[in-house]
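Asks: here's a sequence, model it:
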Amino acid sequence: MVVNDLAAGWREFHIARELRDRYQFDASLFAATGNVVLADVTAARIFAERMNVDRDSSRAVRPGEIGAMGLIDEISHLMFRRYRQQVAPALLHDALGWLAADLGPALVETVLERFCEHFPPVAVYRGASSPQAYLAGASAGEAHREAALEELLMLWLANQNPAFRRFGELFDDGVLDHDTGYRQLIASLLRFLGGMPAMPQGTGAAGATGAGGIIAVLRAPALAAPDSLEAQVRYIAERWGFALDAPLVTRLLSGMDVIKEEGRAFIARGPGGGPAHSADLPLPEFGGVAAETEQFSPDRDWMPRLVLLAKNAFVWLDQLGRQYGRPITRLDQIPDAELDTLAARGFTGLWLIGLWQRSRASQRIKQIMGNPDAVASA
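Replies: Down below sits the predicted model:
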């Protein structure tokens, strides 16, 4: 069985209200639940740019890291929901009952209400609903109290992940720990999950033991690679990949590529082999440029009367091949009739773009920036 993308394809995680206010994130980045929505690398880049406005280069946030955290959180949701589908569809409902019996309804309600205040869904953030009213409602057949409990668990998992700590300001649970019985609730929830069956066979994590099986599964990437988001994403792709749908696996692989490319761009070594500071890096010199003389072609009488048409050679040859039903990959294969047609339309010159050797690096950069079908630039 393949995990369905229940999060509608988004990379998502909760952001504290204070940080939403501080960084003035675009409202379009947030789903109704209050989770930040990173649909692609471009969205992650916009998110990172907002965080980097007042940061120096040593503290700069990279889009690949933001996207990796979103992927890890999204897939954690997917694995948890698959566990619920296969093992205990009423898991969250039963968990709330357990917590109320163990800790008292008042403590449970206080924790959930504070969670909705500090990590608010959109309706609460905009003041359209109080935390109490939100928790009393439901969306798409799912009670908001149950959804909030799942998000609370994911928040705890994020704070347990050492590789997330550099971004801890976004989802720091310290305020909940200080104001409420959050730690008691989490401890009780872990005891409840500890009494549940292990993850079913065929998930890539079957038979996990420890804190109830499912918690061991969800913590496995962070425990296997505590200091590397890239390694955690790779762990998920290798161990759980066959249980995920193809588009999500593709995004996992792309996420690893983005982080790797960002690392190449950011890493510079100083004299001792460690990270370089700006003072360690050599400055470029352009002393010989001033001595160069400009070299332009001489003016000709036809130039002022030129009617120039620009054609992207790569695109034009492909279009002509489709039009004539045969491969056209070289300039000498262009039918004379096409040139006659251009001349008849009044064009006296043709500017062909992209004739030089193409750069594979440019193609990779375009793909990283969110265009998977990009071709290399000349």
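Asks: when you work out contacts or count neighbours from here on, use the C-alpha atoms and nothing else.
Replies: Will do.
Asks: and L252, how many residues sit next to it?
Replies: 23 (other C-alpha atoms under 10 Å).
Asks: hang on, it packs against A237?
Replies: Yes - the pair L252 and A237 qualifies as a contact (C-alpha atoms under 8 Å) at a distance of 6.4 Å.
Asks: what ranges in the stretch 101-250 of the chain fall below the confidence cut-off?
Replies: Filtered on pLDDT under 70, the stretch 101-250 of the chain yields the residue ranges 201-212.
Asks: show me where the stretch 201-350 of the chain has its helices.
Replies: Taking DSSP state H, counting those that start in this stretch as the criterion, the stretch 201-350 of the chain carries its helices at 214-224, 229-240, 246-266, 313-324, 336-344.
Asks: tell me what the second one is packed against?
Replies: The reference is to helix 229-240. Packed against helix 229-240 by the contact rule (3 or more C-alpha pairs under 8 Å, 6 or more residues apart in numbering; DSSP states H and E) you find helix 63-86, helix 214-224, helix 246-266.
Asks: which other residues reach the shortest one?
Replies: Pointing back at helix 214-224 there. Contact with helix 214-224 is made by 76, 79-80, 83, 157, 161-163, 190, 193, 198-199, 205, 208-210, 232-233, 235-236, as judged by C-alpha atoms under 8 Å, 6 or more residues apart in numbering.
Asks: domain assignment for this structure?
Replies: Domain ranges of the chain: 11-266, 303-368, per automatic domain parsing.
Asks: any idea how many residues pack against V307?
Replies: Neighbour tally, V307, other C-alpha under 10 Å: 13.
Asks: what's the distance between it and Y324?
Replies: In this view, V307 and Y324 are 26 Å apart by C-alpha to C-alpha, to the nearest Å.
Asks: for the most centrally placed residue in the chain, give its distance to E230.
Replies: Taking C-alpha atoms, centre = their mean, the centroid of the chain lies closest to G67, which sits 2.3 Å from it. For G67, the distance to E230 equals 10 Å [C-alpha to C-alpha].
Asks: what is in contact with the two at once?
Replies: G255.
Asks: sorry, back to before: among the helices and strands packed on helix 229-240, which comes closest to A138?
Replies: helix 63-86 (17.1 Å; C-alpha to C-alpha).
Asks: what are the buried residues along the closest one?
Replies: Within helix 63-86, the residues that qualify as buried are 63-84, counting by 16 or more other C-alpha atoms under 10 Å.
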